[in-house]
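Asks: Structure for the following, please:
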Amino acid sequence: MAAMRLTVNITKWQIFRLSIPIFFSNLAIPLVGIVDTGLMGHLENEKYLIATSISATFLTMIFWSFGFLRMGTVGLVSQALGKSDYRELVNIILRNILIAILIATLIIIFKPILMNILTQIFNTSAETKQFIDNYISIRIFSAPAELVIYVLVGFYLGIQRTSISSLLIIVLSLLNIIFSIYFVRELSLDVRGVALGTLIAGYLTVISFLIYTYYFIIVKFKVIPRFKIKALLNYKKIFKLLYINFNIFIRTILLTFSFFWITYLSSTLGEEFVAVNSILIHLVIISSFFLDAYAFSTEGIIGFSIGKKSEKMFLSCVKNSIILSFITGLVISFIFLLSVKEIIDLITDIEFLRYLSYKYAFWVIVIPPIASFCYQLDGIFIGATQTAEMRNSMILSVVVYITLSIFLVNEIHNYGIWFALIIFMILRASTLHFYFPKILKKLR
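Replies: Okay, the predicted model is just below:
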């Protein structure tokens, strides 16, 4: 799909059209988690599923904590595009790739410390701990590939080439699924198989798309990407980048911790609740990635409208994207209402896990329309690079969420985890809405 010609009035159809390829790519992301969970859920020992859930969630929390590599890239690239500053646009990408590689190297170096932290948090059996170590010892080496992919996705979203960013994620996810199935089913590598599948898929994807992106930039912007130290180490540009990225880092690490907190609280109730909530949270993630399609597609439009100083374009994009997101949330809830048991049965054939999952499936059904508002507001604030407000909103929401979840789990057991999660979604939307007038000041 070619880049769309943006008009002052951003219609629902324009947003939907930009979001179509993102729908498919975002579906592929949780599909990997579901396939991995399904592969482990059909093995003879539930400890494979528990170990994969804990270790994958932990590493995802770490990698997603550096989501600013995508989000910061989108906002800055789209604003540079609005100003037609193509050389700076390329420099933004190169700076973030360098930062991604540096961060990934540090993650790998500190692997023993990360493992020690994980061991202290979760009180699991010796067998489960061994499976966790097997997974992390392989998957952690995918960090450079996964973090550079964040930058590439952010670049293509920022220039409204959503079809290319989507293709990247689809290729990554399909390769991941194919390799994981082969390593687990054919080579009997259990948790090591799903970790190795992610590792190989990541490097094959990032190498292919780095080559493609190099030539794309030359053809599209008539600029040859070069690592010119003087241009990349511009003091003011780096300070702005670090300020934006640091705020997003704080916001994202708190957000990912909030989902990791679910796994931790589940472990305090028993290992079986880690498995059950892992199954259900994958369904929540499916809905979030669908709804995030609108957020992702509007990030670039929001940044472009601010670069152009067009308040009319900005407001029409905000209004129509929120309406589309809410309606889609209702549709997802209806689909879950009709098929949630069948989906659970596909993920695991362990009867007691199925029974417990059915018991709590109601929460998965009601979350999508409620969560749609905070997802969409995230996209608006990312495109506007209002990252300090995102940080403050998340700090307040997480503090209330953590406090409330501890109380609710003590009072109503596993129901408390899910009730607290819904309140968390409402708090995120409410606090971001409070800061919304600050974005309008940029347009006046």
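Asks: which residues in the stretch 51-200 of the chain form helices?
Replies: For the stretch 51-200 of the chain, the helices defined by DSSP state H, counting those that start in this stretch cover 68-82, 86-109, 111-121, 126-139, 143-158, 162-181, 190-221.
Asks: Make CSV from these and add distance to Tyr401 and mean neighbour count to it.
Replies: Where you see a C-beta, it was placed from the backbone N, CA and C, and this is true even at glycine. Listed next are those as CSV, based on distance: least, Cβ to Cβ, whole Å; neighbours: other Cβ atoms under 10 Å:
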stretch, distance to Tyr401, mean neighbour count
helix 68-82, 21, 26
helix 86-109, 26, 18
helix 111-121, 18, 13
helix 126-139, 26, 19
helix 143-158, 25, 25
helix 162-181, 28, 21
helix 190-221, 29, 19
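Asks: next helix or strand past the host helix or strand of Ser393?
Replies: Following DSSP states H and E, one finds Ser393 within helix 387-412. Past helix 387-412, further along toward the C-terminus, the next helix or strand under DSSP H and E is helix 414-441.
Asks: ok, now how distant is the closest residue to Tyr156 other than its chain neighbours from Leu404?
Replies: In this structure, Tyr156 finds its nearest non-sequential neighbour in Ser165, 3.7 Å apart by Cβ to Cβ, 6 or more residues apart in numbering. Distance of Ser165 to Leu404, given as Cβ to Cβ, to the nearest Å: 36 Å.
Asks: cool, Ala293 as well?
Replies: 30 Å.
Asks: Could you do Lys319 as well?
Replies: Where Leu404 is concerned, Lys319 sits at a distance of 31 Å (Cβ to Cβ).
Asks: Among the two, which residue is more densely surrounded?
Replies: Higher neighbour count among Lys319 and Leu404: Leu404, with 16 against 12, using other Cβ atoms under 10 Å.
Asks: Can I get stretch 189-199 as PDB, trimmed to CA atoms?
Replies: Presented in PDB, the C-alpha positions along stretch 189-199 are these (Å, rounded to 0.1, in the frame of the first residue of the first chain):
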ATOM      1  CA  LEU A 189      13.500 -29.300  22.100                       C
ATOM      2  CA  ASP A 190      10.600 -28.200  24.400                       C
ATOM      3  CA  VAL A 191      11.200 -24.700  25.800                       C
ATOM      4  CA  ARG A 192      14.500 -24.400  24.100                       C
ATOM      5  CA  GLY A 193      12.700 -24.900  20.800                       C
ATOM      6  CA  VAL A 194      10.400 -21.900  21.100                       C
ATOM      7  CA  ALA A 195      13.300 -19.700  22.300                       C
ATOM      8  CA  LEU A 196      15.500 -20.800  19.400                       C
ATOM      9  CA  GLY A 197      12.700 -20.200  17.000                       C
ATOM     10  CA  THR A 198      12.400 -16.600  18.200                       C
ATOM     11  CA  LEU A 199      16.200 -16.100  18.000                       C
END
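Asks: How far away from the center of its chain is that stretch?
Replies: The chain centroid and the centroid of stretch 189-199 are separated by 21 Å under Cα atoms, centre = their mean, to the nearest Å.
Asks: before we move on, back to that, can you pull the contacts of the residue nearest to Tyr156?
Replies: When the contact criterion is Cβ atoms under 8 Å, 6 or more residues apart in numbering, the partners of Ser165 are Pro21, Ile22, Ser25, Leu152, Val153, Phe155, Tyr156, Leu157, Phe296.
Asks: The first one - how many residues pack around it?
Replies: Other residues near Pro21 number 21, with proximity taken as other Cβ under 10 Å.
Asks: what's near enough to touch it?
Replies: Pro21 touches Met1, Thr162, Ser163, Ser165, Ser166, Leu167, counting by Cβ under 8 Å, 6+ apart.
Asks: helix or strand for it, which one?
Replies: Per DSSP H and E: helix 12-41 holds Pro21.
Asks: Find the centremost residue of this protein, please.
Replies: Trp64 (6.3 Å; Cα atoms, centre = their mean).
Asks: just checking, that residue touches Arg251?
Replies: No: in this structure Trp64 lies outside contact range of Arg251 using Cβ atoms under 8 Å: 10.9 Å.
Asks: Looking at the contacts of Ser165, which is nearest Ile109?
Replies: Lowest distance from Ile109 to these (Cβ to Cβ) belongs to Leu152, with 23.8 Å.
Asks: Return the per-residue confidence for the closest one.
Replies: For Leu152, the model assigns a pLDDT of 93.
Asks: Which residue comes closest to it once chain neighbours are left out?
Replies: Spatial nearest neighbour of Leu152, excluding adjacent residues (Cβ to Cβ, 6+ apart): Phe209 at 5.5 Å.
Asks: Just give me the neighbour total for the spatially closest residue to Leu408 that is not a sequence neighbour.
Replies: In space, and not counting its chain neighbours, Leu408 is closest to Gly416: 3.0 Å by Cβ to Cβ, 6+ apart. Using other Cβ under 10 Å, the number of residues around Gly416 comes to 19.
Asks: Under the pLDDT cut-off, which ranges of the chain? List them.
Replies: For the chain, the stretches with pLDDT under 70 are 1-7, 25-34, 37, 41-42, 44-45, 123, 225-235, 237.
Asks: now the helices of the stretch 51-200 of the chain in a markdown table, with distance to Leu242?
Replies: Shown next, in a markdown table, are the helices of the stretch 51-200 of the chain (distance: least, Cβ to Cβ, whole Å):
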| stretch | distance to Leu242 |
| --- | --- |
| helix 68-82 | 9 |
| helix 86-109 | 9 |
| helix 111-121 | 23 |
| helix 126-139 | 28 |
| helix 143-158 | 15 |
| helix 162-181 | 24 |
| helix 190-221 | 23 |
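Asks: Looking at these, spot the one closest to Phe352.
Replies: Once the helices of the stretch 51-200 of the chain are compared by Cβ to Cβ, helix 126-139 is nearest, at 17.3 Å.
Asks: So what touches the closest one?
Replies: 47-48, 50-52, 54-56, 58-59, 111, 114-115, 118-119, 122, 124, 190-192, 194-196, 198-199, 271.
Asks: What residues sit buried inside the helix or strand harbouring Phe336?
Replies: Using DSSP H and E, Phe336 sits within helix 311-347. Neighbour-count burial for helix 311-347, counted by 16 or more other Cβ atoms under 10 Å, picks out 313-314, 316-318, 320-322, 324-326, 328-329, 332-333, 335-336, 340, 343-344, 347.
Asks: quick one: Asp190 and Leu49 touch, right?
Replies: No: Asp190 lies out of contact with Leu49 (Cβ under 8 Å); the separation is 10.4 Å.
Asks: what sits in contact with each of these two?
Replies: Met40, Leu43.
Asks: Could you check which helix or strand contains the residue lying closest to Ser65 once chain neighbours are set aside?
Replies: In space, Ser65 comes closest to Ile253 once its chain neighbours are excluded; the distance is 3.9 Å by Cβ to Cβ, 6+ apart. Ile253 is part of helix 235-269, with elements assigned from DSSP H and E.
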